[in-house]
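> Here you go, sequence then predicted model.
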Amino acid sequence: MDPLLPPETAEAERAFPQALAACRDLDALLRLKGAYVGREGSHVARLMDQLKAAPKEQKRDLGAAINALKNTWEEALKARQAELEEARKAAKTLAWDRTLPPPQPARGALHPLNRLMGRLVDVFRPLGFHVEEGPEVETEEHNFDGLNIPADHPARGSADTFYLAAHPGQLLRTHTSPVQVRTLKRLAPHIHEAGGIRFLAPGRVYRKDEIDPTHSPMFHQVEGMLVGHGIGMQHLKGTLEYALRALFGPATEIRLRPSYFPFVEPGCEVDVSCPLCAAKGCRVCKGSGWVEILGAGLIHPNVLDFAGIDANEWSGWAFGMGVERMAMMLSQTPDLRLFFENDQRFLTAMGGLD
Ligand code: PHE
């Protein structure tokens with residue numbers, strides 16, 4: 001060893017090969033590297049401090065000796081690093097059990113909103129409701145005229161609705177209610193033999209809303225409809241009470257408030273007692289104990305007439321509920337955008353909707 005180097009360096013030089021051999025992984029090697037050649041607090045760093053303080057005439061030789069030592073250590077560290085990296089690769093290959101089945105791609109699953117709509121369908125199916133679907137590109141006739149929506153209704157304006165520029169009279173449906181018109185028209189000729197009509201219509205709807213935590217230009221609704229003899233508000237209330245208890249729990253209470261939709265008369269909005277705080281008042285129900293969850297009412301005679309069903313003989317009810325709102329409440333999700341950003345961590349955590 002160079003006579004200019006201090007005795008503890010000889011000590012370090014002796015210990016180095018053993019310490020190097022003792023590094024069993026890359027982390028240990030990094031620690032050793034830090035202790036010997038690291039920028040601060042290492043053996044070489046201490047020698048550099050001594051170099052600064054050394055008498056002028058010694059500086060050149062001492063500097064050269066330190067550098068030589070540093071290079072030797074660095075090369076040895078590098079070689080050991082390559083060895084350890086090799087060993088790690090080899091270990092990986094060895095650990096591969098070729099009798100195991102190959103790794104499977106991640107399994108897909110239904111989106112939480114689709115699961116929630118599925119639950120609703122499951123609640124109504126035993127009551128004799130089947131599922132109807134309608135197109136998302138609708139005609140004004142189905143989306144508005146057949147639903148007794150007057151010409152000056154705001155929903156008919158281009159500020160609120162996506163019209164298809166290339167197809168006059170066509171638009172992205174603003175609610176699932178046009179499925180009422182389509183289904184009533186289609187089933188009208190069979191209504192006597194069937195004794196009535198009952199169905200659920202889940203699906204996507206579109207409105208010109210700015211995206212924010214509670215609005216999206218695309219969202220989901222579930223429409224429900226029943227036509228029969230002598231149907232009144234009592235049937236609507238009883239059915240909704242049954243269905244909402246099945247969804248939110250047996251202690252759920254419901255409340256009907258008068259409201260207006262052109263295609264029902266009378267019309268109402270329906271609240272459920274807050275399922276999260278047992279109606280005591282919380283953030284979700286804004287302290288009121290009630291959460292609004294759907295619009296409903298008795299089918300307006302004009303809607304039945306439009307579809308070719310005699311409003312003197314038949315009557316019925318309809319409701320439409322917002323799926324996102326319900327999903328947000330059930331899962332206590334404060335921002336609806338989470339449902340559409342498709343972050344798998346969020347989607348997987350949505351177990352509460354089942
Ligand atoms: N279509 C109405 C809406 O989108 C909801 C509704 C459906 C109201 C059926 C009454 C009856 O707001």
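Structure's in. What do you need? Numbers count the residues shown, from 1 in each chain.
> Which one of the residues in the chain is closest to the ligand?
Closest residue of the chain to the ligand, CB to the nearest ligand atom: Gly320 (2.7 Å). C-beta coordinates here come from the backbone N, C-alpha and C atoms, glycine included.
> Double-check that that residue belongs to a helix.
No. Gly320: not assigned to a helix; according to DSSP: H, G, I helix; E, B strand; the rest coil it is strand.
> what about it, distance to Arg186?
Separation of Gly320 from Arg186 (CB to CB, to the nearest Å) stands at 19 Å.
> Just grab the bridge partners of the closest residue to Tyr163 other than its chain neighbours for me.
Spatially, and ignoring its direct neighbours in sequence, Tyr163 is nearest to Leu171 (4.7 Å; CB to CB, 6 or more residues apart in numbering). Leu171 has the following beta-bridge partners by DSSP bridges: Glu138, Tyr163.
> which residue ranges form the helices in the stretch 151-300 of the chain?
Here the stretch 151-300 of the chain has its helices, by DSSP state H, counting those that start in this stretch, at 178-187, 191-194, 233-248.
> My guess is the residue of the chain closest to the ligand contacts Ala296. True?
Yes. Here Gly320 reaches Ala296: they are 7.4 Å apart, a contact under CB atoms under 8 Å.
> so where do the strands sit in the stretch 101-250 of the chain?
Along the stretch 101-250 of the chain, counting by DSSP state E, counting those that start in this stretch, strands occupy 130-131, 137-139, 170-172, 197-206, 218-228.
> can you redo these as JSON lines with mean pLDDT and distance to the ligand?
As requested, the strands of the stretch 101-250 of the chain are exported to JSON lines (pLDDT from 0 to 100; distance: least, CB to the nearest ligand atom, whole Å):
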{"stretch": "strand 130-131", "mean pLDDT": "98", "distance to the ligand": "16"}
{"stretch": "strand 137-139", "mean pLDDT": "98", "distance to the ligand": "13"}
{"stretch": "strand 170-172", "mean pLDDT": "98", "distance to the ligand": "13"}
{"stretch": "strand 197-206", "mean pLDDT": "98", "distance to the ligand": "7"}
{"stretch": "strand 218-228", "mean pLDDT": "98", "distance to the ligand": "6"}
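> could the ones you listed go into CSV alongside mean neighbour count?
What follows is those, written out as CSV (neighbours: other CB atoms under 10 Å):
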stretch, mean neighbour count
strand 130-131, 14
strand 137-139, 19
strand 170-172, 21
strand 197-206, 21
strand 218-228, 22
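> Contact partners for Leu51?
Counting by CB atoms under 8 Å, 6 or more residues apart in numbering, Leu51 touches 59, 62-63, 66.
> change it to 10 Å
With contacts defined as CB atoms under 10 Å, 6 or more residues apart in numbering, Leu51 is in contact with 4, 58-59, 62-63, 65-67.
> between Gly320 and Arg186, which one's more packed in?
Gly320 (23 against 12; other CB atoms under 10 Å).
> tally of neighbours for the closest residue to Asp25 other than its chain neighbours?
Spatial nearest neighbour of Asp25, chain neighbours left out: Leu84 (6.4 Å); criterion: CB to CB, 6+ apart. Residues lying near Leu84 (other CB under 10 Å) number 17.
> Summarise which helices and strands the helix or strand of the chain with the lowest mean pLDDT is packed against.
Lowest by mean pLDDT, DSSP states H and E among the helices and strands of the chain is helix 344-348, with a mean of 88. Applying 3 or more CB pairs under 10 Å, 6 or more residues apart in numbering; DSSP states H and E, one finds that helix 344-348 contacts helix 112-124, helix 338-341.
> Need phi/psi at Ile66.
Backbone dihedrals for Ile66, given as degrees, to the nearest 10, come out at phi -60, psi -40.
> OK, contacts around Asp122?
Here Asp122 is in contact with 246-247 (CB under 10 Å, 6+ apart).
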